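> Provide a 3D model corresponding to the input given below.
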Amino acid sequence: TVATVDITGAYLNADMGSTTVLMRLDSLTAAILVKIKPEYQTYLEPSGTMIVQLDKALYGCVESAKLWYQHLINTLEKIGFVRNPHDDCILNCTMEGSQCTVCVYVDDLLITSTQATNVQKVIEALRSTYKTITEHTGSVHNYLGMQFDFTTEGAVKVSMKGYIEGCMDAYQVKGTADTPAVEALFDTRESTLLDASQADEFHSRVAKLLYLAKRVRPDILTAISYLTTRVRNPNVDDWNKLDRVLRYLNKTRELGIKLSANRDDFRVITYVDASYGKHADCKSHTGLCISLGTGPVFARSAKQHIVTKSSTEAELVGCSDSGSQAIWTRDFLIAQGYTMGPVYIHQDNTSTMSLIDKGKSTSDRTRHIAIRYFWLKDRISTGEILIVHLRTTEMVADLLTKSIQGDLFRSLRQRLLGDQ
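Numbers count the residues shown, from 1 in each chain. Model (predicted):
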């Protein structure tokens, strides 16, 4: 059972407390206040403005967000909720033998439980404290600009079709493309620089698509990740690459991610891949996908911070950098009350797997690798991580490191988005 709740005027529920914050009211606001409270006439300044001291956490004040958060947390803790130690915006409470979870994003709450009565109890408790709230129940929810569809039992589809259509209309996108990028995505070609106005527009569009890619469209994440490195001095070639992404989205407006978990073998499944020397400065590119069964609960496509000397080293750096997120995901789920086995990290490079297994270099060609990249060995020894070999053709993260085309792109996209 799922419900979303929006608390109206949330910040104003919190007191400023011992903090003294003064604010100057403009002449129009001051005049309205005097009309409501004639006794405030004496505080009017010759300019018609007025200085007041805030009692409530007004929107726009630096401390208001923290004050509101603490007020909401106190309200939830009074009815038995406890914060997840790995994420202060996730709270849990056991009611009538089943767990109820609240996800907090400023004043928007997502409440879930296997028991509908638990969800309703939380809503009633919130309403008794915050008089004006808007609640929504059912199988389909709009939350933080995303649509969550729980119609299929045991799964949820998350999409942002309205957001995509808004971009298509605003940018007047014409035509379609089968993939988000050509094979030469990472090639930095010399061409005419965009003028200041076009460069600002380029930056704005890339930022909007990054917002989309990091939430429900990881299939465009590789292309957008590269384009974010070009926002300072974009040229015509970069604009054409961005246009390709937009035309691809125009053809695939309805796509999103579908999440479900393997109930019989519930574990964190991680796919890590790296493309060696992809960037103009010879740095490699890492792709990461974390799943609990089907679909990504986390995806990342990013340029590595160091220059590596081989594909084996690039894969090792990718595994090391990605392992932290995988372990955090496992720890988070344990704190949520799940019994978790080791994290499965899928890797398609056997040389890298050998380095991780040994926990050190055994060759002149790899002795330069910093020892910190071998920390996965310790996690394997404690049973937190298990490295599993996977064929390259099945490596989902391959889609997050390079521009793939044709049938292979469509196959990996289907696995990445969870629409199997």
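> and residue 293, how many residues sit next to it?
Burial of residue 293 is recorded as 19 neighbouring residues (other Cβ atoms under 10 Å). C-beta here means a position set from N, CA and C on the backbone, and glycine is covered the same way.
> next: residue 98.
Under the criterion other Cβ under 10 Å, the count of neighbours that residue 98 has is 12.
> may I have the beta-bridge partners of it?
residue 95 (DSSP bridges).
> residue 121 versus that one, what's the distance?
Residue 98 is 12 Å from residue 121, where distance means Cβ to Cβ, to the nearest Å.
> what are the contacting residues of the helix or strand of the chain with the lowest mean pLDDT?
Least confident helix or strand of the chain, by mean pLDDT, DSSP states H and E, is helix 350-358 with a mean of 86. Helix 350-358 is contacted by residues 312, 315-316, 319, 347, 361-362, 366, 369, 374, 376-377, 380, 387, 389 when judged by Cβ atoms under 8 Å, 6 or more residues apart in numbering.
> verify the contact between residue 53 and residue 19 for me.
No: using Cβ atoms under 8 Å, residue 53 is not in contact with residue 19, being 10.2 Å away.
> out of those two, which sits in the busier spot?
residue 19 (13 against 9).
> list the residues that contact that one.
residue 63.
> how would you label it: helix, strand or coil?
Per DSSP: H, G, I helix; E, B strand; the rest coil, the local secondary structure of residue 19 is coil.
> look up how far residue 247 lies from it.
Counting by Cβ to Cβ, the gap from residue 19 to residue 247 is 51 Å.
> what helix or strand is the nearest residue to residue 214 once chain neighbours are set aside on?
Distances taken as Cβ to Cβ, 6 or more residues apart in numbering place residue 221 nearest to residue 214, at 7.1 Å, with adjacent residues excluded. Taking DSSP states H and E as the criterion, the element that holds residue 221 is helix 221-228.
> contacting residues around that helix?
Counting by Cβ under 8 Å, 6+ apart, 180-181, 185-186, 206, 209-210, 213-214, 238, 241-242, 244-245, 285, 287, 299-303, 399-403 sit against helix 221-228.
> what of stretch 25-33?
With Cβ under 8 Å, 6+ apart, stretch 25-33 has contacts from 40, 44, 47, 48, 49, 50, 51, 52.
> which of these count as buried?
44, 49, 50 (16 or more other Cβ atoms under 10 Å).
> so the last one bridges to which residues?
It refers to residue 50. Counting by DSSP bridges, the residues bridging with residue 50 are residue 25.
> might one say that it is in contact with residue 37?
No: using Cβ under 8 Å, residue 50 makes no contact with residue 37, being 10.9 Å away.
> hey, where'd the strands end up in the stretch 1-150 of the chain?
Along the stretch 1-150 of the chain, counting by DSSP state E, counting those that start in this stretch, strands occupy 2-7, 22-25, 50-53, 82-84, 87-95, 98-105, 108-113, 133-137, 140-143, 146-149.
> tabulate these (CSV), appending mean pLDDT.
Below are the strands of the stretch 1-150 of the chain laid out as CSV (pLDDT from 0 to 100):
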stretch, mean pLDDT
strand 2-7, 97
strand 22-25, 95
strand 50-53, 95
strand 82-84, 98
strand 87-95, 97
strand 98-105, 97
strand 108-113, 97
strand 133-137, 96
strand 140-143, 96
strand 146-149, 97
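> including distance to residue 256, could these go into CSV?
Listed next are the strands of the stretch 1-150 of the chain as CSV, based on distance: least, Cβ to Cβ, whole Å:
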stretch, distance to residue 256
strand 2-7, 17
strand 22-25, 43
strand 50-53, 47
strand 82-84, 26
strand 87-95, 22
strand 98-105, 19
strand 108-113, 17
strand 133-137, 19
strand 140-143, 13
strand 146-149, 8
